[in-house]
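> sequence-free structure coming up:
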């Protein structure tokens, strides 16, 4: 008998969460990782139902207190390593005002905001974030650059051309001398490799200046000293691999050295590129699911997805080729833990870990943890509008929601995780129904409008009027891709805070840190 | 034995019986096929040579580079073979997870290319995984690469069908064993050997071992990874089971400490997986039945995996350092015995002290070179730690000011030196950071 993935031996079975054999037909759950206050919010279906009744489906719900807690967790890692510097929230992760205003009320020396457009910059200023805590990143149009320089925000320079543009602007419009960070990229060229023979490859980025050309750039800085002040260097590597980031950080230390040798006095190294979020709670569920997906692609088990979609895996003559384009949704270390790991690993040529290097060289650390900073900060709600059987006698169901794929862009980010079913009546499991596999389809008249291509298992078949809650959507998944196609409503966003045993809510734009007892001002 | 070439020494490895006292199986004789005794050190010597031979003969001296996706033994064998033929060798890998293997490959003259990690900000429409790009580079016009393609090359399997399998049958007096147990990496050894054994006796049962999905065992793939291997055919195996790194190390320890076999973790996994599976089989057998035989492969040796062991079972390598240690001091002891001096007082002490203190900067040399207190001496903490284990490194008449980034390590060492009898060691309070913040001068020489 061929039993792929079979686990024998007490030791093997005991090490895993559930240790069960994956069998066709057993629901392949990917239960979301939930932490307070999201857990207690999800324990209040009547409250969430009343919000959707009043404000419509879809609805975004944010927990501004949690973002401040997340920032504190990152700051705790700084403290453990004796490091100074700010944790920056990337505004692009969410359009919310509540989140930005809550961070405005956090420790100014510890928390800042990273803005990537004129609109985000104006929004941050209007939310009470002072310019010394604002960093302007990404591609910049002249108005964005002017306002950033005018108010005294730090400009994270993307290219040598942008340096020329900024310096010219500072002189022409008599702007204050502007603090800048220099974003570097292309760390993989062999000459940087401390050990000849080992080349760690990295994905190519469209942003930043190649580290190999840093000499010319620094010469340009020397020419523009009257207009800009080099605060330090930055890098954003889009990779989960800590080794690539450690190498880049070490290289930044060397570049900073070159800056000092030229008489510049930088003191910041800025690390971005995402520190990860664990969306799925259980390692065993994630492993079983991904193994089953491979089996489905090979045809040894029924499809786990709409129309047998393979998420990038292909079956070529009985062998799986390609790579699964899935966000690694189960993370043993993510967020603050990831930062700690990054700071603790030995660097490839200097040997000392990044934290020690930063500390010993008297450098401050800036980080942009990306979605990790909004981990557990919110959820997206959708009303179940219709439930029916799929046509082809597959035994499955189509569940149509009052939202579309743009409202919860899980698929766009390759994130696979189950929604939480919040029954209208509160009666779970009525009629003795058991777990059921469904496809979640959106409200657009479009074949491709699936909330997720995955067959989602729910504890029972939903009914019209029930709610599905997609947890942990505050980072990029909530409103980044939301659109007005077909004049379908875009989700409203509310901020909720816990007050004693009950929850209070207000529209996102009405939230200020002093309005709620959970906030700073009360 | 005399050979013209080391490649002639590949194969004909011993088959050694494991003492039943060790494995405890009453009705099954368990044999280890010692592939670790191949000249380049592993089971991969056979396929590496078999795959590379025709390519090397065609390419010899042509300035080409042999390239393979390998982070271990295949790379090792190919690097040596390429070197013998005047070619270069490049290993492309996801991540070299065992540092010694990486260093060994560099010693052998290999180039290593590590593929980038998964994207953190995923673009699902980007379906070009790094391997696709690797294959593109190989097939570019004018490419000077010779690719052995171990996961798809039938010559990998053939090497074992022609060598390993028949050798086992010969050493068992012309009979196939009842059981064959192999760890699945490229699936080459298990597929090749199983084919030969089944030709002799269709009743042979084959147990394939894969690594536990969230775990890592060198040379073994997980069940998902195995499915990406072109040579892998599930029909080869009667059963596929997974083993953990913990079991691999247990097995390795048994082979090393009780059987005199210097096996690495892969061989340990094969042994442990074999015994675990056969124990149940053995319990069903009775004394009246014919004894059964089982063969597993010992893939390579232990020496290259010390850091792998250190990571998982540090206690196995745990010789404690002797001598006074700053790390052993409690917070209370540091509080009691470390004298600290603030930046302003330290400046006065350095310029006008009688006698003046020697300033020891405990930071790394790169940081010291970038900026330091004028006249200070750099002894990096790791080195300082070694020094004090041997005794006081300063005369008792020489006052000492210790400096580190924030005054934490320096306080620890100041307490230690005081406890070792030095009368005047002080720690720079708040470290170099406080010194800088106080506006005291730092120089770059």
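Here it is on my side, so go on. Since we're looking at a predicted model, the values are computed, not measured.

> now do the contacts for the single nearest residue of the stretch 1-150 of chain B relative to chain A.
The stretch 1-150 of chain B approaches chain A most closely through residue B:117 (2.5 Å), counting by Cβ to the nearest Cβ. All C-beta atoms are positioned from the backbone trio N, CA, C, and that covers glycine. Shown in contact with residue B:117 (Cβ atoms under 8 Å, 6 or more residues apart in numbering or on different chains): A:239, A:240, A:241, A:243, A:244, B:95.

> grab the nearest non-local neighbour of the fourth one.
Pointing back at residue A:243 there. Leaving out its chain neighbours, the residue that sits closest to residue A:243 by Cβ to Cβ, 6 or more residues apart in numbering or on different chains is residue A:200, at 6.3 Å.

> how many residues are close by the one you found?
Neighbourhood size, residue A:200 [other Cβ atoms under 10 Å in any protein chain shown]: 24.

> per-residue confidence at the residue in the stretch 201-350 of chain A that chain B sits nearest to?
For the stretch 201-350 of chain A and chain B, the shortest gap (Cβ to the nearest Cβ) falls at residue A:241, measuring 2.5 Å. As predicted, residue A:241 sits at a pLDDT of 82.

> not counting its neighbours along the chain, what's nearest it?
Closest to residue A:241 by Cβ to Cβ, 6+ apart is residue B:117, at 2.5 Å.

> and residue B:33, by the same measure?
In space, and not counting its chain neighbours, residue B:33 is closest to residue B:297: 4.9 Å by Cβ to Cβ, 6+ apart.

> next one: residue A:478
In space, and not counting its chain neighbours, residue A:478 is closest to residue A:60: 5.1 Å by Cβ to Cβ, 6+ apart.

> list the residues that contact the one you found.
Residue A:60 sits next to A:96, A:378-381, A:473, A:478-479, A:491-494, A:508 when contact means Cβ under 8 Å, 6+ apart.

> give the helix, strand or coil label for it.
strand (DSSP: H, G, I helix; E, B strand; the rest coil).

> so who does residue A:379 touch?
By Cβ under 8 Å, 6+ apart, the residues touching residue A:379 are A:38, A:41, A:42, A:60, A:61, A:469, A:470, A:471, A:472, A:473.

> would you confirm that the third one contacts residue A:381?
Just to be clear, that refers to residue A:42. No: using Cβ atoms under 8 Å, residue A:42 is not in contact with residue A:381; the gap is 10.4 Å.

> between these two, which contacts overlap?
Listed contacts common to residue A:42 and residue A:381 are A:48, A:422, A:469; contacts here mean Cβ under 8 Å, 6+ apart.

> what about residue A:503, neighbour count?
Applying other Cβ under 10 Å, we find 18 residues neighbouring residue A:503.

> one more: residue B:344?
Neighbourhood size, residue B:344 [other Cβ under 10 Å]: 12.

> what is the burial count for residue B:339?
13.

> cool, residue B:104 as well?
Neighbours of residue B:104 under the rule other Cβ under 10 Å: 18.
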